[in-house]
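Visitor: Sequence first, predicted model second:
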Amino acid sequence: MQLKINISLEPVFLHDKKTNGYTSYFRQYPNAVGDGDTKENSLDNLANVFLIMLANEPELVKEIIKDQPEIKLDKNQNFEIA
């Protein structure tokens, strides 16, 4: 089973003047953090971190999908992040 989630996330970028790199997080989920040499690289890393976070925190997935009635989990609450 594949689970597709449509969610709007607002990225926040912090620029490190010493390294000239970027750290990013989603305003709604500040525990997920990405970094990189550019904003784009930082955002790519953040997206990967967020997917790993979703895969390891089923309660977070349930919270996100509660407002999406067309999504149903199977009887064992199993899902797969595509």
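Guide: Happy to help now that I have it.

Visitor: In this structure His15 contacts Tyr22, no?
Guide: Yes: with contacts counted by CB atoms under 8 Å, His15 reaches Tyr22, the gap being 5.7 Å. (C-beta placed from N, C-alpha, C; glycine too.)

Visitor: quick one: which of those two has more around it?
Guide: Tyr22 (21 against 11; other CB atoms under 10 Å).

Visitor: Name the nearest residue to the more buried one, ignoring sequence neighbours.
Guide: Spatial nearest neighbour of Tyr22, chain neighbours left out: Ser42 (4.1 Å); criterion: CB to CB, 6 or more residues apart in numbering.

Visitor: Show me where this protein has its strands.
Guide: Applying DSSP state E to the chain gives strands spanning 11-16, 21-26, 29-36.

Visitor: any low-confidence regions in this protein?
Guide: Within the chain, the ranges that satisfy pLDDT under 70 run 1-5, 67-82.

Visitor: Any idea which residue is closest to the centre of it?
Guide: By CA atoms, centre = their mean, the mean C-alpha position of the chain lies nearest to Phe50, the distance being 2.8 Å.

Visitor: Can you tell me how far that one is from Val61?
Guide: When distances are taken as CB to CB, to the nearest Å, Phe50 and Val61 turn out to be 11 Å apart.

Visitor: all helices of the chain, in order?
Guide: Taking DSSP state H to define them, one finds helices in the chain at 39-56, 58-65.

Visitor: on that earlier part again, I'd assumed Tyr29 was in contact with the residue nearest to the centre of the chain.
Guide: Yes: contact status for Phe50 versus Tyr29: in contact at 6.8 Å, counting by CB under 8 Å.

Visitor: intersection of neighbour lists for these two?
Guide: Taking CB atoms under 8 Å, 6 or more residues apart in numbering as the contact criterion, the residues that touch both Phe50 and Tyr29 are Leu9.

Visitor: burial count for the nearest residue to Leu60 once chain neighbours are set aside?
Guide: The spatially closest residue to Leu60, leaving aside those adjacent along the chain, is Leu54, at 6.1 Å (CB to CB, 6+ apart). Neighbours of Leu54 under the rule other CB under 10 Å: 19.
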